[in-house]
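A.B. asks: structure of the sequence below:
(chains A, B, C and D)
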There are 2 protein chains.
Amino acid sequence: MSQMVPIGRFSKMTRLSVKALSLYAEIGLLQPAWVDGSSGYRHYEPGQANRAEAIRILRTVDMPLEEIREILDIEDPSEAKAALKRHHDRLVTRLADQQRMLEYLETIIDREKIMPYDVALEQVPARTVAALRKTTSLKTIGDDIGSGFGALMQFMGATDAQPSGPPFIVYWDIIDEETSGDLEFCVPVAAGLSGSETVEVKTLPSEMVAYTVHHGPYPEISPAYHTLTGWISDHGHEMTGPPREIYLNDPMEVSEDELLTRVEWPISAEVAANR
Amino acid sequence: MSQMVPIGRFSKMTRLSVKALSLYAEIGLLQPAWVDGSSGYRHYEPGQANRAEAIRILRTVDMPLEEIREILDIEDPSEAKAALKRHHDRLVTRLADQQRMLEYLETIIDREKIMPYDVALEQVPARTVAALRKTTSLKTIGDDIGSGFGALMQFMGATDAQPSGPPFIVYWDIIDEETSGDLEFCVPVAAGLSGSETVEVKTLPSEMVAYTVHHGPYPEISPAYHTLTGWISDHGHEMTGPPREIYLNDPMEVSEDELLTRVEWPISAEVAANR
DNA sequence: CGTCGGGCCTCCTCTTGGGGGAGAGTCAAG
DNA sequence: CTTGACTCTCCCCCAAGAGGAGGCCCGACG
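C.D. replies: Sure thing, here's the model as predicted:
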């Protein structure tokens, strides 16, 4: 019926490489209209070029061959459009993520090379805090921090107490993608206050801490931790408890870029023997 | 000096897999601070986590490991920033390309499945044209088409001739990424006009053509060609000359989406014996 | 009719950035 | 000392082809 073309000419028509066409034939994504049984030569019909072109375009947007096959096998055009739209959205999301990451990295470069973190030791005095402990996971941590401090503020209001210092959070556990763990929300208060059902009032002992101050958006805080833990082990100290983040200013009042967060880790006072 | 951590803990600190860390150690991108000679165990210093994190972030933006190494080895932070910016721009460009491609594909799906191309035969009568032939390549084709029709229009103005039909281009050669080839710009005119140094006036013979009309932006025309050539060979005709595109309306007057382009291919009149 | 150059075949290896698992050695806690 | 958790190296696997070797095949030209 139809004039067939060999793979080389078809390759030029469709701007797909011969290698790619062979691969597509092998996996059944684009079957040649006829394969010569004795020579093995592949022959295509010109009409197949449209499907080939669709494949080429979908490949330029990084769609896996498997998915291309699925999309091309959809009969209903509106359904196919929907599938394309989904891939489109995935691509847009991916680039947005990447853009965020790159910006993040730029600021890391700024901060780490131009303004490295200073780590210092301090003997913090004993202080009384109102504390609320809460289990959370990475997915809900944003909401949990909001509601945790919210509950604490409510308690402060009800007991007519004034904070005597910036609030902080004690990170009792390492919270990663899978595991959840405990946070403890704390606000320093005057001694003598009594707790409620949910809020505990307690006095933390004086202790030695190593600390550094992170200046900038919260999501970029991890280098502060790396620097701090590195410094602690470099100087032969032992970590004696969970770390804390002290929020020196209010995200409601200053911009992200001006946020100051003191990261603090209790340590043993004496330097271990030099090793 | 420093407390070292084994690879598993370092992996959790940096959210890089053990496999990835092993790979980075092997290629020298992130050397463990110390490797136990007898057991082969890798040990990292906590301070290395910052470099590890930078690697992780750069990987999320699809930067090759080689390039990451280069960027991390740059001393000057402003230079490093510039390198990052370049990668950022590459990413943005890539996504823009992909977005264009996806939109293109959506319209192809619309057109091909909902409004397939109709191919028809027609015996076109003999007609006189003013013609200008020009060699071009894919890179310059946009400008060449503009200047080609520009020169023709100038000729028409100088000889006070009126076009007697829509302009068209004969594509004498296949023009792809590497090769260049000839275009012939034509405007139908009344018989009897005489040519100039550059513009030829000639009469094209009556001939049988197969044609289809592409409705939409020009860059999306290739399915029209595929459909046309497929139809021609499916119906046992032979192509007897180069194809032409007849521009039925003016890109200056209507929007891209309303453009009508008739794609026409001269063929042998008789259907070949059924085969 | 032969022959020559290019087209096409299969098969192999290589790429990037790891994932998965086998089999064996190691480390630390009970 | 034993057990269980870590870690090691080695091997194969993935996508989506690129590149090349060695060997047919096909059509055009003399």
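A.B. asks: what kind of secondary structure is A:Ala210 in?
C.D. replies: Following DSSP: H, G, I helix; E, B strand; the rest coil, we place A:Ala210 in the strand state.
A.B. asks: that one and A:Leu121 touch, don't they?
C.D. replies: Yes. With contact defined as C-beta atoms under 8 Å, A:Ala210 and A:Leu121 form a contacting pair (5.7 Å). No exception for glycine: its C-beta is placed from N, CA and C like everyone else's.
A.B. asks: hmm, A:Thr179 is touching A:Asp173, no?
C.D. replies: Yes. A:Thr179 is within contact range of A:Asp173, at 7.2 Å (criterion: C-beta under 8 Å).
A.B. asks: for DNA strand C, what's the nearest residue on chain A?
C.D. replies: In chain A, the residue that lies nearest DNA strand C is A:Gly8 (2.0 Å; C-beta to the nearest atom of the strand).
A.B. asks: check the secondary structure at that residue for me.
C.D. replies: helix.
A.B. asks: quick revisit: between A:Ala210 and A:Leu121, which has more neighbouring residues?
C.D. replies: A:Ala210 (21 against 14; other C-beta atoms under 10 Å in any protein chain shown).
A.B. asks: bridged to the more buried one, which residues?
C.D. replies: For A:Ala210, the beta-bridge partners are A:Leu121, A:Trp265 (DSSP bridges).
A.B. asks: distance check, it against B:Ala191.
C.D. replies: A:Ala210 sits at a distance of 96 Å from B:Ala191 (criterion: C-beta to C-beta, to the nearest Å).
A.B. asks: what do you get for A:Leu72?
C.D. replies: 50 Å.
A.B. asks: tell me which of the two has more neighbours.
C.D. replies: A:Leu72 (16 against 10).
A.B. asks: quick one, helices of the stretch 51-200 of chain A?
C.D. replies: A:65-73, A:77-109, A:141-158 (DSSP state H, counting those that start in this stretch).
A.B. asks: quick one: low-confidence ranges for chain A?
C.D. replies: A:1-2, A:108-115, A:176-178, A:269-275 (pLDDT under 70).
A.B. asks: could you list the domains of it?
C.D. replies: As assigned by automatic domain parsing, chain A contains the domains A:5-73, A:120-266.
A.B. asks: and the last one, how far apart are its ends?
C.D. replies: What that stands for is domain A:120-266. Using C-alpha to C-alpha, to the nearest Å, one end of domain A:120-266 lies 12 Å from the other.
A.B. asks: now find how far off-centre the longest strand along chain A is within its chain.
C.D. replies: In chain A, with assignment by DSSP state E, the single longest strand is strand A:127-137. Strand A:127-137 sits 25 Å away from the centroid of its parent chain (C-alpha atoms, centre = their mean, to the nearest Å).
A.B. asks: need the contact list for A:Arg59.
C.D. replies: By C-beta atoms under 8 Å, 6 or more residues apart in numbering or on different chains, A:Arg59 lies in contact with A:Leu65, A:Ile68.
A.B. asks: now with 10 Å?
C.D. replies: A:Leu16, A:Ala20, A:Tyr24, A:Leu65, A:Ile68, B:Met101 (C-beta atoms under 10 Å, 6 or more residues apart in numbering or on different chains).
A.B. asks: contacting DNA strand D as well, which ones from these?
C.D. replies: Restricting the contacts of A:Arg59 to those touching DNA strand D (C-beta under 7 Å from any atom of the strand) yields A:Ala20, A:Leu65.
A.B. asks: about what we covered before: so does the longest strand of chain A get close to chain B?
C.D. replies: No. Strand A:127-137 is not in contact with chain B by C-beta under 10 Å from any C-beta of the partner chain; minimum separation 15.5 Å.
A.B. asks: that strand pairs with which strands?
C.D. replies: When DSSP bridges is applied, strand A:127-137 pairs with strand A:180-188 (antiparallel), strand A:200-204 (antiparallel).
A.B. asks: can you list the residues of chain A near DNA strand D?
C.D. replies: Counting by C-beta under 7 Å from any atom of the strand, chain A comes close to DNA strand D at A:17, A:19-20, A:23, A:36, A:38-39, A:41, A:59, A:63-66.
A.B. asks: that older thread, for the longest strand of chain A, buried residues please.
C.D. replies: A:Arg127, A:Thr128, A:Val129, A:Ala130, A:Ala131, A:Leu132, A:Lys134, A:Thr136 (16 or more other C-beta atoms under 10 Å in any protein chain shown).
A.B. asks: partners of the third one in the sheet?
C.D. replies: The one in question is A:Val129. A:Pro188, A:Lys202.
A.B. asks: tell me how far the spatially closest residue to A:Leu58 that is not a sequence neighbour lies from A:Ala80.
C.D. replies: If the residues on either side of it in the chain are set aside, A:Leu58 comes closest to A:Ile68, at 4.7 Å by C-beta to C-beta, 6 or more residues apart in numbering or on different chains. From A:Ile68 over to A:Ala80 the distance is 11 Å, taken as C-beta to C-beta.
A.B. asks: any shared contact partners between the two?
C.D. replies: Residues touching both A:Ile68 and A:Ala80 (C-beta under 10 Å, 6+ apart): A:Ala54.
A.B. asks: contacting residues for the spatially most central residue of chain A?
C.D. replies: In chain A, the residue lying closest to the centroid (C-alpha atoms, centre = their mean) is A:Pro219, at 8.4 Å. Neighbouring residues of A:Pro219 by C-beta under 10 Å, 6+ apart: A:Arg100, A:Tyr104, A:Glu256.
A.B. asks: check A:Leu91 too.
C.D. replies: Per C-beta under 10 Å, 6+ apart, neighbours of A:Leu91: A:Val61, A:Asp62, A:Met63, B:Arg94, B:Leu95, B:Gln98, B:Gln99, B:Met101, B:Leu102.
A.B. asks: shared neighbours, A:Ala210 and A:Leu121?
C.D. replies: A:Trp231, A:Ile232, A:His235, A:His237, A:Ile267.
A.B. asks: residues contacting the nearest residue to A:Pro217 once chain neighbours are set aside?
C.D. replies: Closest residue to A:Pro217 apart from its sequence neighbours, by C-beta to C-beta, 6+ apart: A:Glu256 at 4.3 Å. Residues in contact with A:Glu256 (C-beta under 10 Å, 6+ apart) are A:Gly216, A:Pro217, A:Tyr218, A:Pro219, A:Glu220.
A.B. asks: and those residues, which two are the farthest apart?
C.D. replies: Using C-beta to C-beta, the pair of these lying farthest apart is A:Gly216 and A:Pro219, separated by 9.2 Å.
A.B. asks: in helices, which of the contacts of A:Glu256 appear?
C.D. replies: Among those, no member falls in helices (criterion: DSSP state H).
A.B. asks: out of the residues you listed, which is most surrounded?
C.D. replies: A:Gly216 (20 neighbours).
A.B. asks: quick check: phi and psi on that one?
C.D. replies: phi 140, psi -170 (degrees, to the nearest 10).
A.B. asks: number of nearby residues for the closest residue to it other than its chain neighbours?
C.D. replies: Nearest residue to A:Gly216, sequence neighbours excluded (C-beta to C-beta, 6+ apart): A:Asp257, at 5.9 Å. If you count neighbours by other C-beta under 10 Å, A:Asp257 ends up with 9.
A.B. asks: what residues are up against A:Asp257?
C.D. replies: Per C-beta under 10 Å, 6+ apart, neighbours of A:Asp257: A:Thr107, A:His215, A:Gly216, A:Pro217.
A.B. asks: what residues does the stretch 151-275 of chain A have near chain B?
C.D. replies: So the stretch 151-275 of chain A meets chain B at A:174, A:176-177, A:179, A:222-239, A:272, A:274-275 (C-beta under 10 Å from any C-beta).
A.B. asks: which of the residues you listed are close to DNA strand C?
C.D. replies: Of these, not one also sits near DNA strand C (C-beta under 7 Å from any atom of the strand).
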